[in-house]
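J.: with the input below, show me the fold.
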Amino acid sequence: MSLDTSPVPELSAQQRRCNLLLMLYAPLEAVQLENANQLNGVDLPTTQKDIAQLSEEVQRLHRLSIYVSDTLHCQLGGSLLDKRICLINGLRRAIRSSPEFIHQYFAPLLEQTLSQKSDVDYLHYQQQFPRLIARLSQLLNREFSARDEQFLQLYFQLCLWQNIVPTELAFTDVQRQWLHDKPEYAAATLIYDKLQTLCEASIAECERDFFALLLTLIKNHSYDSSGSVEDLKLMRQVEELVANFQDVSGMTFSSYEGLISQLFAHLGPAIERCRFDITVDSQLQDEVNRMYPRLMRTTHDALQGFKTAYSINFSSEEVGLVAVIFGAWLMQGNALQEKQILLLTHSNPDLEQAVEQQIREATLMPLNIKYQTLDEFHQQGAPSGVSMIVTPYATQTIDADPLIIYTQLPLTKEERKRIRSLLEAQ
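T.: Predicted coordinates for the structure are as follows:
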């Protein structure tokens, strides 16, 4: 297929990486960097930088690798299932951020490749696709947006192209049974049967399972949108999760329905991520662990029943995302504000960091802990807006409001209770 040589509008780095990812999935043996330069309207060093950043992303999130040869060709390496899941995310993102690239390059290349294959009835596929979407919508009681339809049309085309030379997708027995029990499986069978009529070669049976996973992963989980058995179970489990969190934490949520709705929307996809080992993008997990240790621990404990109900394990990143939801609704529902804490320092950084961690362990609420030396405090006093002053060092006896708390590690039960009471007061 000849390349469009018209000038390329300046693209953002995200758009260029979206385009590069789709090039790696296009029906080509390999991507020439020279062509990638031209399609993205940049020079070779920029393309190489984009590939390095994209390579880090797909390795971190999907266990995939991008190989660049000495002749400046690149290919995507990894398991077929990981590649397919990566494409779900990448293609949906590209439809939003790079529609012109899909319209001008990716879709025409797919169409031309399939229309030239004698063992694929591409014309019939184009004619039948609207009917297929209508049947899927009816079977799933789900409305597909224009972007959903565009995504599925392109994705099914890629699956048809890949199945010209069938490759097995690796599902475990447990994963297959999970997919067979889902309401999406009947719709997946419809897709499988329809595509099989368009392709002379036998499509691998595992594709039926994959289509069930595909339909599940693009589902928009809404708390009040479905009366399916699966959704009703999720509603009950989310409600039990909130009750467990309140029992463990000793705190209540006044904005109950909003919290339930957000957890439902988040945990529906999270179940599938856990079951199919799909990594969640959470690069701030170390920061969440450090700043909200008690919130993380409380969320972990509250999730035990939920994990048992679905026979899954949550990664620390998944627990962190749920913890952030709980923390945000604790503050919003109880009209609590982030508390400003002043930690007076002197000569022992390790001790001071240990004190900070103990303070964070004392409460579920987010804290803004600032450091100030004892000398500066004695000379200038505390900054405005400080809710509490804590130090592991003896200090001059002065009248202070808020109260100075002098503590030694470990904090006693009474000290933790006092600190929590002060921090969680409205």
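
J.: low-confidence regions, this structure specifically.
T.: When residues are selected by pLDDT under 70, those of the chain lie in 1-8, 164-167, 224-226, 333-337, 396-402, 424-426.

J.: quick check: domain ranges of it?
T.: Split into domains by automatic domain parsing, the chain comes to 117-219, 229-333, 339-423.

J.: make CSV from these and add mean neighbour count to it.
T.: C-beta coordinates here come from the backbone N, C-alpha and C atoms, glycine included. Putting these into CSV (neighbours: other C-beta atoms under 10 Å) gives the following:
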stretch, mean neighbour count
domain 117-219, 17
domain 229-333, 17
domain 339-423, 15
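
J.: middle-most residue in this structure, spatially?
T.: Centroid-nearest residue in the chain: Val280, 4.0 Å away (criterion: C-alpha atoms, centre = their mean).

J.: I'd like the distance between it and Leu343.
T.: 32 Å (C-beta to C-beta, to the nearest Å).

J.: check contacts around Glu352.
T.: If you count contacts by C-beta atoms under 8 Å, 6 or more residues apart in numbering, Glu352 has them with Leu343, Thr345, Tyr371, Pro392.

J.: next, the distance between the ends of stretch 113-125.
T.: For stretch 113-125, the first and last residues are 14 Å from each other (C-alpha to C-alpha, to the nearest Å).

J.: report the contact partners of the residue nearest to the centre of the chain.
T.: Taking C-beta under 8 Å, 6+ apart, one finds Ala270, Arg273, Ser315, Glu317, Glu318, Leu321 in contact with Val280.

J.: which residue is the nearest non-sequential neighbour of it?
T.: Glu317 (5.0 Å; C-beta to C-beta, 6 or more residues apart in numbering).

J.: go ahead and confirm that neighbour touches Ile278.
T.: No. With contacts counted by C-beta atoms under 8 Å, Glu317 stays clear of Ile278, the gap being 11.1 Å.

J.: next, show the common contact partners of the two.
T.: Shared contacts of Glu317 and Ile278 (C-beta under 8 Å, 6+ apart): none.

J.: phi, psi of Ser222?
T.: phi -120, psi 130 (degrees, to the nearest 10).

J.: quick one: it from Ile260, how far?
T.: From Ser222 across to Ile260, the span is 12 Å (C-beta to C-beta).

J.: could you do Leu343 as well?
T.: 37 Å.

J.: and what of Thr345?
T.: 43 Å.

J.: same deal with Ile133?
T.: With C-beta to C-beta as the criterion, Ile133 and Ile260 are 31 Å apart.

J.: adding secondary structure as columns, could you present the contacts of Glu352 in a markdown table?
T.: As requested, the contacts of Glu352 are exported to a markdown table (DSSP: H, G, I helix; E, B strand; the rest coil):
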| residue | secondary structure |
| --- | --- |
| Leu343 | strand |
| Thr345 | strand |
| Tyr371 | strand |
| Pro392 | coil |
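
J.: in strands, which of the contacts of Val280 appear?
T.: Among the contacts of Val280, no member is found in strands (DSSP state E).

J.: dump those residues to a markdown table, plus distance to Glu149.
T.: Listed next are the contacts of Val280 as a markdown table, based on distance: C-beta to C-beta, whole Å:
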| residue | distance to Glu149 |
| --- | --- |
| Ala270 | 26 |
| Arg273 | 24 |
| Ser315 | 33 |
| Glu317 | 32 |
| Glu318 | 30 |
| Leu321 | 29 |
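
J.: tell me the one of these nearest Asn19?
T.: Nearest to Asn19, judged by C-beta to C-beta, of the contacts of Val280 is Arg273 at 25.9 Å.

J.: which residues does that closest one contact?
T.: By C-beta under 8 Å, 6+ apart, the residues touching Arg273 are Thr279, Val280, Glu318.

J.: how about the strands in the stretch 151-300 of the chain?
T.: Taking DSSP state E, counting those that start in this stretch to define them, one finds no strands in the stretch 151-300 of the chain.

J.: contacts for the helix or strand hosting Leu91 next, please.
T.: According to DSSP states H and E, Leu91 maps onto helix 80-97. Helix 80-97 is contacted from outside by 12, 14-15, 18-19, 21-22, 25, 58, 61-64, 76, 101-102, 106, 147, 150-151, 154-155, 158, 167-171, 210, 214, 217-218, 276, 278, using C-beta under 8 Å, 6+ apart.
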